[in-house]
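Peer 1: need a structure here:
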Amino acid sequence: LQSIRYCLESGAKAVVLCSHLGRPDGTRKPECSLAPVAAALEKLLARPVSFIGDCVGPEAEAACADPPQGSVLLLENLRYHVEEEGK
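Peer 2: Here you go, the predicted structure:
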């Protein structure tokens, strides 16, 4: 949280976060979604966090291309893509 706050307070246009959770083996499992993390971050940061439903592809690219000043974006679980698991 301190790093995110530091970036925003220092004038970063946006902070784009990504992570992995669990071992979904390249399939979308609701219990491995980062959506609840976005909701928790909103409360902890006391500011909106935009949850992006994928970490690659058109949706993620569009969201990250020109985000609003001071925005926080969280991309969906990297491990929803089998390539992330090295298989």
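Peer 1: If you count neighbours, what's buried in the longest helix along the chain?
Peer 2: When the chain is parsed with DSSP state H, its longest helix is helix 35-45. Across helix 35-45, burial judged by 16 or more other CB atoms under 10 Å covers 37-38, 41-42. In this view, the C-beta of every residue, glycine as well, is placed from N, C-alpha and C.
Peer 1: what's the pLDDT at E85?
Peer 2: E85 carries a pLDDT score of 67 in this model.
Peer 1: what about A63, how many neighbours?
Peer 2: A63 has 19 neighbouring residues, counting by other CB atoms under 10 Å.
Peer 1: Report the central residue of this structure.
Peer 2: With distances taken as CA atoms, centre = their mean, L74 lies nearest the centre of the chain, 1.8 Å away.
Peer 1: Which helix or which strand is home to it?
Peer 2: Using DSSP states H and E, L74 sits in strand 71-75.
Peer 1: Which secondary structure elements does that strand sit against?
Peer 2: Where contact means 3 or more CB pairs under 8 Å, 6 or more residues apart in numbering; DSSP states H and E, strand 71-75 is packed against strand 14-17, helix 35-45, strand 50-52, helix 58-65.
Peer 1: The second one - what's its average pLDDT?
Peer 2: The average pLDDT within helix 35-45 is 97.
Peer 1: List the contacts of it.
Peer 2: Contact partners of helix 35-45, identified using CB atoms under 8 Å, 6 or more residues apart in numbering, comprise 1, 4-5, 17, 19, 21, 48-51, 72, 74, 76.
Peer 1: Adding distance to T27 and pLDDT, write those out as a markdown table.
Peer 2: A markdown table is the format used below for the contacts of helix 35-45 (distance: CB to CB, whole Å; pLDDT from 0 to 100):
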| residue | distance to T27 | pLDDT |
| --- | --- | --- |
| L1 | 30 | 95 |
| I4 | 29 | 98 |
| R5 | 34 | 97 |
| L17 | 22 | 98 |
| S19 | 17 | 95 |
| L21 | 13 | 91 |
| P48 | 29 | 97 |
| V49 | 25 | 98 |
| S50 | 24 | 98 |
| F51 | 19 | 98 |
| V72 | 27 | 98 |
| L74 | 20 | 98 |
| E76 | 13 | 97 |
